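Engineer: coords please:
(one chain, ligands or ions: 3)
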Amino acid sequence: MSRTVQGVVSKAVGEPVTLENIIVPDPGPGEAVVRIQACGVCHTDLHYREGGISNDFPFFLGHEAAGVVDEVGPGVTEVAPGDFVILNWRAVCGQCRSCLKGRPNICFSTHNAAQKMTLEDGTELSAALGIGAFAEATLVAAGQCTKVNPEASPAVAGLLGCGVMAGIGAAINTGGVGRGDSVAVFGCGGVGDGAIVGSKLAGASTIIGVDIDDRKLEWAREFGATHTVNSSNEDPVERIKALTGGNGADVTIDAIGLPHVYRQAFEARDLAGTVVLVGVPTPDMTIELPFLEVFGRGGALKSSWYGDCLPSRDFPMLIDLYLQGRLDLDRFVSETIGLGDVEEAFHKMERGEVLRSVVVI
Ligand SMILES: NC(=O)c1ccc[n+]([C@@H]2O[C@H](COP(=O)([O-])OP(=O)(O)OC[C@H]3O[C@@H](n4cnc5c(N)ncnc54)[C@H](O)[C@@H]3O)[C@@H](O)[C@H]2O)c1
Ligand SMILES: [Zn+2]
Ligand SMILES: [Zn+2]
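Structural biologist: Numbering: from 1, shown residues only. Ligands and ions are numbered 1, 2, ... in the order given. The predicted structure is shown next:
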């Protein structure tokens, strides 16, 4: 018997999201149904609603979630009903050329549930990042469920399912931030502050947060930024150079995904440094860079999918650090809200009033 749950759906570009009845099929082979306990509102959900990701409306939103496995399909051995899990959007295949080379964190064939969830009239839904978790329950591939210590609260654990993990990983995994490094993070939202927290964890000694909103900069300092720059008042490139002995930062991270911000990150980087793009651009955007500088400065220009994380390695480890008091995740939860409040949470995000609104079910 399939189940019917309430979930948040985006039906057309730019239109307010609505609560709909969603049919969640019984789990088939390799699938699991998860009872969602909490799901953060990520900027990527808003990108979906604005048509910035694809045109496959209607979207079933929400993808930054934790919950309890309710039921598993045939052949599922990695999780069982009752397990507390964080949902990940990169279930690795174990068989593609990247996995076979020992690099499952960049698996080229990640997968989701084979069956589709639908509206009551049978319309198939596109689940955001293959999850769809602004709902009482969802259907995922069993490999999208990562078990973690159930002592962590769902509202906090879910954050690692997307934005905060992407930020921490952009710094540690993609950027390779290490002890004594200087880091500049452009955009101090949930992802950018994740990068600040990750840089602090890795031992960076100079961490510069850049934003256009003073409130965000204040929060960035609470997360561990040693300096902040409001780039609507002053040139962030000059300021970052001044703060790093005239050189630029070892690692610069664009946690917004805007061409002019990427250019700032490119220019604010020291010789042989690394630029990391973790913010998501829209399809219409292009960048122009001085080609000789791309060559002459050396180093690396990298993009960071999901913070290059491996959920099975990183989620339990980060939850353990959190439970030991070594990773401040509580501070990311600005407010807890209900399923019917997601549209208003988008507006609060646009107005810069929150880091993460977390739907608690
Ligand atoms: N790569 C990934 O795997 C991944 C995962 C999650 C989210 N993302 C992307 O990361 C980006 C950030 O997400 P978020 O949830 O932190 O969003 P957010 O809205 O919470 O934060 C964005 C921040 O950027 C600031 N900002 C906007 N324009 C700016 C400018 N010109 N200069 C400086 N700061 C500026 C805003 O004030 C805000 O603080 C989005 O593009 C999102 O889609 C990527
Ligand atoms: Zn693979
Ligand atoms: Zn996200």
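Engineer: what sits against the residue of the stretch 1-150 of the chain found nearest ligand 1?
Structural biologist: With C-beta to the nearest ligand atom as the measure, His43 is the residue of the stretch 1-150 of the chain nearest to ligand 1, at 3.3 Å. In short, each C-beta sits where N, CA and C put it, glycine included. Contact analysis of His43 by C-beta atoms under 8 Å, 6 or more residues apart in numbering lists 163, 189-191, 349.
Engineer: ligand 1 contacts on this structure?
Structural biologist: Within reach of ligand 1 by C-beta under 6 Å from any ligand atom, the chain has these residues: 42-44, 47, 162-163, 166, 186-192, 210-213, 216, 231, 255-258, 261, 278-280, 304-306, 349, 352.
Engineer: give me the buried subset of those residues.
Structural biologist: 42-44, 47, 162-163, 166, 186-192, 210-213, 216, 231, 255-258, 261, 278-280, 304-306, 349 (16 or more other C-beta atoms under 10 Å).
Engineer: what about the strands in the stretch 1-150 of the chain?
Structural biologist: Ranges of strands in the stretch 1-150 of the chain, per DSSP state E, counting those that start in this stretch, are 3-10, 18-24, 31-40, 59-60, 64-72, 84-87, 118-119, 126-127, 137-141, 145-147.
Engineer: distance of the nearest residue to Arg90 once chain neighbours are set aside relative to ligand 3?
Structural biologist: Of all residues not flanking Arg90 in the chain, Thr110 sits nearest, at 4.4 Å (C-beta to C-beta, 6 or more residues apart in numbering). Thr110 sits 15 Å away from ligand 3, taking C-beta to the ion, to the nearest Å as the criterion.
Engineer: show me what contacts Thr110?
Structural biologist: Residues in contact with Thr110 (C-beta under 8 Å, 6+ apart) are 89-93.
Engineer: write the PyMOL selection for whichever of those are buried.
Structural biologist: Typed into PyMOL, the line below selects the buried ones among these, using 16+ other C-beta under 10 Å:
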select buried, resi 89+90+91+92
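Engineer: of the contacts of Thr110, which ones also sit close to ligand 2?
Structural biologist: With C-beta under 5 Å from the ion as the criterion, the contacts of Thr110 include Cys93 near ligand 2.
Engineer: show me which residues of this structure sit near ligand 2.
Structural biologist: When proximity is defined as C-beta under 5 Å from the ion, the chain approaches ligand 2 at 93, 96, 99, 107, 109.
Engineer: what subset of these is buried?
Structural biologist: Burial by neighbour count, judged by 16+ other C-beta under 10 Å, picks out 96, 99, 107 from those.
Engineer: in helices, which of those fall?
Structural biologist: Here DSSP state H is the test, and these give Cys99 as lying in helices.
Engineer: neighbours of Asn230, how many?
Structural biologist: Neighbour count of Asn230, defined by other C-beta atoms under 10 Å: 16.
Engineer: backbone dihedrals for it, please?
Structural biologist: Dihedral angles of Asn230 (phi, psi; degrees, to the nearest 10) stand at phi -90, psi 110.
Engineer: specify the beta-bridge partners of it.
Structural biologist: Counting by DSSP bridges, Asn230 forms beta bridges with Asp211.
Engineer: before we move on, the earlier item: any chance of the strands of the stretch 1-150 of the chain in TSV, plus mean neighbour count and mean pLDDT?
Structural biologist: Shown next, in TSV, are those (neighbours: other C-beta atoms under 10 Å; pLDDT from 0 to 100):
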stretch	mean neighbour count	mean pLDDT
strand 3-10	21	98
strand 18-24	19	98
strand 31-40	26	98
strand 59-60	25	98
strand 64-72	24	98
strand 84-87	26	98
strand 118-119	18	98
strand 126-127	23	98
strand 137-141	26	98
strand 145-147	23	98
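Engineer: please identify which of the ones you listed is closest to Val360.
Structural biologist: Ranking the strands of the stretch 1-150 of the chain by proximity to Val360 (C-beta to C-beta) places strand 31-40 first, at 5.0 Å.
Engineer: ok, that closest one: who's next to it in the sheet?
Structural biologist: Per DSSP bridges, strand 31-40 is paired in its sheet with strand 64-72 (antiparallel), strand 137-141 (antiparallel), strand 356-360 (antiparallel).
Engineer: does that strand come close to ligand 3?
Structural biologist: No. Using C-beta under 5 Å from the ion, we find that strand 31-40 stays clear of ligand 3, coming within 7.8 Å at best.
Engineer: which residue ranges of the stretch 151-300 of the chain form strands?
Structural biologist: For the stretch 151-300 of the chain, applying DSSP E, counting those that start in this stretch gives strands covering 182-186, 206-211, 227-230, 249-254, 269-277, 300-303.
Engineer: pass me the low-pLDDT residue ranges in the stretch 51-200 of the chain, would you?
Structural biologist: Within the stretch 51-200 of the chain, no range satisfies pLDDT under 70.
Engineer: confidence score at the residue of the stretch 251-361 of the chain found nearest ligand 2?
Structural biologist: Closest approach between the stretch 251-361 of the chain and ligand 2, counting by C-beta to the ion: Leu310, at 11.3 Å. You'll see Leu310 listed with a pLDDT of 96.
Engineer: residue contacts, the residue nearest to it when sequence neighbours are not counted?
Structural biologist: Closest residue to Leu310 apart from its sequence neighbours, by C-beta to C-beta, 6+ apart: Asn105 at 4.1 Å. When contacts are counted by C-beta under 8 Å, 6+ apart, Asn105 is found next to 92, 173, 308-310, 313.
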